[in-house]
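Need coordinates for the below:
(one chain, ligands or ions: 1)
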Amino acid sequence: MTSVKPQTLDLSGRDRVPVPDDLARWIEAPKGAWIGGEPFFPKSENKFATINPATGEELTTFAEADKGAVDLAISTARRAFDDGSWSGQTFEHRAGVLKKLAELILAHRGPLAILETLDTGKPIRESYEGDILRSATNFEFFASQNEAAVERVFESQGNRHVARREPLGVVALVTPWNLPLYLATWKIAPALLMGNSIVLKPSELTPLTASYFAELTSEAGLPPGVFNVVHGFGENSAGEFLVSHAGINAVSFTGETSTGKAIMRSASPNLTRVSFELGGKGALVVFADADWERAADEAVRAGFRNQGEICLACPRVYVEAPIYESFKKRYLAGVEALRMGDPLDPQTSLGSLISVEHRSKVQSYAELAARDGKVLTGNLTLHAAKDGTGFFSPLVVEDLPASSRVNREEIFGPVVSLNRFEKEEDVIAQVNDTPYGLSSSIWTKNHSRAERVATKLRIGLVWINCWFVRDLRVPFGGQKKSGIGREGGSHSLDFFSEWKSVCFFGEGQN
Ligand code: NAD
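Numbering: from 1, shown residues only. So this is what the prediction gives:
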């Protein structure tokens, strides 16, 4: 493990954050899987590069896990599960290790934030104050979940029934590139707390922080083999080998809806339990009675935070007619004030998209938006300018027909459509008019209207007069094509455990 020590970063804004020499050396070293508490290099010798999308430079190479490596990761995880060194520990012991993991993440917050920014292109401030902090919080939060240890006792007819949670066994965690360590730890923490062993398959586009984190797990006191990582792609690679394996007891997946369908097909022959957090197409709705100035400021964040690469983003903004023009003016001023630039510069508010390929996808939606509607900001010619990088300047378009693909499909980039509405029932219908049902944000001072609209939206998460305000106990997940199941608090604990009921005949009081 690197001895890098910048646990805190100077984000005062004067300089670009430097990549320390020893971290640069750690990055350059070729990486393999992490199995049984140590690096493992698969036989196949297939390699893939991870690229810094802000420069187009190769950061390092990763060994792609072949079938043999995935088998080994799963059998190692199973042995570690069966020997009881983790699964047989008390809840308090496991919670203590989770707390230690949180401390270690905070102790390595600087290097982890730099790695996340290099791998994703997101602004360093976002990595440092958002992703990495939240990764530590995920462990702290689950370590404090007393629900995990709860036993339920039912007494009747003189008998006593005791229900308690048991770990599932070996669980597969498959995660995306937009919030790499943040979303991986959101699954790792509850899975570990419940006593499971893990095989993690991070996105092939952002494998760095999972590798760095793996090296911290032994220091935290996790027995070897409890936490394993395999690297590679999805179809016909590490991802598919993992989720189709009969030795896996559950798959927790976050990613695209189409990938969720493929994983369901792979998991179904073994009837493997699945939890899916999939795509979204959120909306931000502003009624004329709202604090529309605050709504306009928040809409900028909801559209462009993390370059719009957030499942909870609001790439559709609906504004009631009487305030439309005033809202638009303030909103566009906010968008134009965003600073796109070097992700390692603490002043940068918009970094690079994840890849050149993703930029091309976003570009094609931008062209569609320009054809179907009226472009208000953004410079389409600029988008193609920086060859070999993922930079894409924010685009806002108005007057799009409701049926436009730009209004219905997930773009996952900085493209926002601004829409005017007249009636409450119309805007509800429009917000619901996508295959997705993850989240939306409603702005009004009228509480009954807020309740009414929230009830009628077919989504999993509604924010009233805010966006991205989270309580980690709250059920998190989507309706329709946005997912299956819920994460968060006891919902994650339920997913990563089985309830077992034991009946003690004649031992009840009642
Ligand atoms: P993706 O589906 O392309 O990839 C996610 C992961 O799945 C990667 O690790 C990938 O290698 C793996 N994978 C791909 N095909 C597979 C297969 N056939 N079998 C097994 N594994 C496979 O998603 P992405 O592009 O990395 O992430 C962006 C998507 O994630 C967006 O749709 C976004 O909305 C969604 N997302 C959802 C949430 C949520 O909480 N609902 C959060 C973040 C991102």
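
Can you report how many residues neighbour the nearest residue to D289 once chain neighbours are set aside?
Leaving out its chain neighbours, the residue that sits closest to D289 by C-beta to C-beta, 6 or more residues apart in numbering is K445, at 4.9 Å. C-beta here means a position set from N, CA and C on the backbone, and glycine is covered the same way. For K445, the tally of surrounding residues (other C-beta atoms under 10 Å) stands at 12.

which ones are touching K445?
With contacts defined as C-beta atoms under 8 Å, 6 or more residues apart in numbering, K445 is in contact with 289-291.

May I ask which of those has the most neighbours?
Ranked by neighbour count (other C-beta under 10 Å), the contacts of K445 have A290 at the top, with 23 neighbours.

The ligand contacts on the protein?
174-178, 183, 201, 203-204, 233-235, 239-240, 243, 254-256, 259, 262-263, 266, 277-280, 311, 410, 412, 438, 478, 483 (C-beta under 6 Å from any ligand atom).

Looking at those, which are in strands?
174, 201, 254, 277, 483 (DSSP state E).

what residues are up against the first one?
In other words, V174. 200-201, 239, 242-243, 251-255, 263.

Tell me the bridge partners for it.
K201, F253 (DSSP bridges).

What's the separation between it and V406?
When C-beta to C-beta, to the nearest Å is applied, the distance between V174 and V406 equals 29 Å.

List the residues that contact the residue nearest to A189 when sequence neighbours are not counted.
Spatial nearest neighbour of A189, chain neighbours left out: F142 (3.9 Å); criterion: C-beta to C-beta, 6+ apart. For F142, the set of contacting residues under the criterion of C-beta under 8 Å, 6+ apart consists of 95, 98, 148, 189-190, 192-193, 492.

Which helix or strand contains F142?
helix 132-143 (DSSP states H and E).

Now that helix: average pLDDT?
The average of the pLDDT scores along helix 132-143 is 98.

other SSEs contacting the very next helix or strand once past that helix?
For helix 132-143, the following helix or strand on the C-terminal side (DSSP H and E) is strand 151-156. Counting contacts by 3 or more C-beta pairs under 8 Å, 6 or more residues apart in numbering; DSSP states H and E, the secondary-structure elements packed against strand 151-156 are strand 159-167.

The same query, at a cut-off of 10 Å, please.
strand 159-167, strand 497-504 (3 or more C-beta pairs under 10 Å, 6 or more residues apart in numbering; DSSP states H and E).

out of those strands, deepest packed?
With neighbours taken as mean count of other C-beta atoms under 10 Å, the helices and strands packed on strand 151-156 reach their highest mean count in strand 159-167, at a mean of 16.

related to what we said a few turns ago, among the residues of the chain next to the ligand, which ones are buried?
Applying 16 or more other C-beta atoms under 10 Å to those, the neighbour count classes 174-178, 183, 201, 203-204, 233-234, 239-240, 243, 254-256, 259, 262-263, 266, 277-280, 311, 410, 412, 438, 478, 483 as buried.

still on that earlier bit, and which of the ones in strands among the residues of the chain next to the ligand is nearest to the ligand?
Distances from those to the ligand were compared by C-beta to the nearest ligand atom; the smallest belongs to E277, at 3.3 Å.

so the closest one bridges to which residues?
Per DSSP bridges, the residues bridged to E277 are T254, G483.
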